[in-house]
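Q: What follows is a predicted structure for the sequence shown.
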Amino acid sequence: MKKFCLITLLLYIAVGRAQEDQRVITTAVPFLTIAADARSAGMGDIGVATSTDAFSQQWNPAKFAFADRKMGIGLSYTPYLESIITDISLLNASFYSKIDDQSAFAVGLRYFTLGEIELRQFANDPGTVAKPNELALDGSYSLKLSPNFSMAVGGRFIRSNLRLPQNGTEDSQAASSFAVDVAGYYRSPEIAYSSFSGRWRGGFNVSNVGGKIAYDEGGQENFLPTNLGLGVGFDFILDQDNVIGLTTEFNKLLVPTPQDFNGDGVIDAADNEIYQNESGFSGILSSFGDAPGGFGEELEEMTWALGAEYIYRDSFMVRTGYFNESENKGSRKFFTLGAGFKFKATQIDLSYLFSTSQVRNPLENTLRFALTFNLGEEFFND
């Protein structure tokens, strides 16, 4: 579908920029922060400490060491701004394979397309069609350091092709960068309680650690969405057919807070120049204590989410979740619902999002889909 360039780009850039005068943190390649699979999306965008699935590459690759099957393939589709535009979407594909009972490797691809944009110089110009897009190609290796704890390292190539042809030419340069992830995952043995059994889960993931990325010839560089994710969960194993999993997760962007450096009461171009001159790694360190509002504002820069999943006979799943972000830092607030259906080696997952914020969510009223194939021999991780 052909659209006006300006409208489409403004819609894309506006995501997560609500109430800009309240120091909302923005980054390059924000598509990396979108939940790319329907299972996590159905539980309030959580995945750092949930049980292993084929889509763990985005959330916590250390979980792959605890995978129950030899191999897994995951495919997902997420429409974006569907109520306004029909050809913007996020596509995700992932694959993991257990090397042995202690280790695994995985690869993944996320592709975000902004559809087709028609560029015109004047009213009767036949126009030039551009297809801006972004992608991330991942790889990871996970290893059990003990029967109950694993760690993983991952690498990510990021390519952002948002530059549009100018003056009718096709010359446009895509920006690119490389980032790494460091993650850990804990899964306790099954514990017998008085009327049920249970299992604790915990995880962390420091993702998208890398240099900055530049879009324009002027050399302005933008921070990657480096993120610290922490989560903990518990599985209520009621019997062999019924399991209820509860999980909570906290996330903080390890990106500096925009500030009024010159004290003139507004964050202007001069302040932005100082902000952009900070390096990516220096920004990670300063992000823990640079908020002008002190510790209270640092807490506002953390998001939290709660998620629940009910599993019946490992074949039917019902999910729900809630995600919360401070009104001063983007105001994303939403409930989610999800369901999964598993038949032999194939699983289908669906999710739906209900926004509870005054700031419109680009994914509200959107149905997301995912397909998983669990293949090969079974591993028993107990």
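A: That came through, no problem.
Q: May I see the buried residues of stretch 293-305?
A: For stretch 293-305, a neighbour-count test (16 or more other C-beta atoms under 10 Å) marks E297, E298, E300, E301, M302, T303, A305 as buried. Glycine gets a C-beta too; all of them are placed from N, C-alpha and C.
Q: Return the residues in contact with the third one.
A: The neighbourhood of E300, defined by C-beta atoms under 8 Å, 6 or more residues apart in numbering, consists of A291, G293, S326, N328, K329.
Q: try it again with 7 Å
A: If a contact means C-beta atoms under 7 Å, 6 or more residues apart in numbering, then E300 has S326, N328, K329 as its contacts.
Q: And the second one, by the same measure?
A: By C-beta under 7 Å, 6+ apart, the residues touching E298 are G289, A291.
Q: So it: helix, strand or coil?
A: helix (DSSP: H, G, I helix; E, B strand; the rest coil).
Q: Looking at stretch 306-315 now, give me its mean pLDDT.
A: In this model, stretch 306-315 has an average pLDDT of 96.
Q: can I have that stretch written out in PDB, keeping just the CAs?
A: Taking C-alpha atoms only, stretch 306-315 is exported to PDB below (Å, rounded to 0.1, in the frame of the first residue of the first chain):
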ATOM      1  CA  LEU A 306       2.900  -9.600  36.000                       C
ATOM      2  CA  GLY A 307       2.000 -12.700  34.000                       C
ATOM      3  CA  ALA A 308       0.100 -15.900  34.600                       C
ATOM      4  CA  GLU A 309      -0.100 -19.100  32.500                       C
ATOM      5  CA  TYR A 310      -2.400 -22.100  33.100                       C
ATOM      6  CA  ILE A 311      -1.400 -25.300  31.300                       C
ATOM      7  CA  TYR A 312      -3.700 -28.300  31.000                       C
ATOM      8  CA  ARG A 313      -2.100 -31.600  30.000                       C
ATOM      9  CA  ASP A 314       0.600 -29.800  28.200                       C
ATOM     10  CA  SER A 315      -1.800 -29.300  25.300                       C
END
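Q: Give the buried residues for it.
A: Neighbour counts using 16+ other C-beta under 10 Å place L306, G307, A308, E309, Y310, I311 of stretch 306-315 among the buried residues.
Q: and if you look at stretch 233-249?
A: Neighbour-count burial for stretch 233-249, with 16+ other C-beta under 10 Å as criterion, is recorded at G233, F234, D235, F236, I237, V243, I244, G245, T247, T248, E249.
Q: Per-residue pLDDT of the nearest residue in space to S83 that is not next to it in sequence, please?
A: Residue nearest to S83 in three dimensions, not counting chain neighbours: N365, with 6.2 Å by C-beta to C-beta, 6 or more residues apart in numbering. According to the per-residue confidence, N365 scores 84 in pLDDT.
Q: Is N365 within a helix or a strand, and which one?
A: Element membership of N365, judged by DSSP states H and E, is empty: it is in no helix or strand.
Q: wait, what's in contact with the residue lying closest to N227 once chain neighbours are set aside?
A: The spatial neighbour of N227 that comes closest, neighbours along the chain excluded (C-beta to C-beta, 6+ apart), is S207 at 5.1 Å. For S207, the contact set (C-beta under 7 Å, 6+ apart) comprises D181, N227, G229.
Q: As a markdown table, those with distance to V24 would be great.
A: Supplementary listing: the contacts of S207 in a markdown table, determined by distance: C-beta to C-beta, whole Å:
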| residue | distance to V24 |
| --- | --- |
| D181 | 24 |
| N227 | 15 |
| G229 | 19 |
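Q: As a markdown table, these with secondary structure and distance to S355 would be great.
A: Compiled in a markdown table, these are given as follows (DSSP: H, G, I helix; E, B strand; the rest coil; distance: C-beta to C-beta, whole Å):
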| residue | secondary structure | distance to S355 |
| --- | --- | --- |
| D181 | strand | 29 |
| N227 | strand | 22 |
| G229 | strand | 22 |
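Q: Which one (most neighbours) among these?
A: The member of those surrounded by the most neighbours (other C-beta atoms under 10 Å) is D181, with 25 neighbours in all.
Q: quick one: that residue and V153, what's the gap?
A: Remark: distance between D181 and V153 (C-beta to C-beta, to the nearest Å) = 7 Å.
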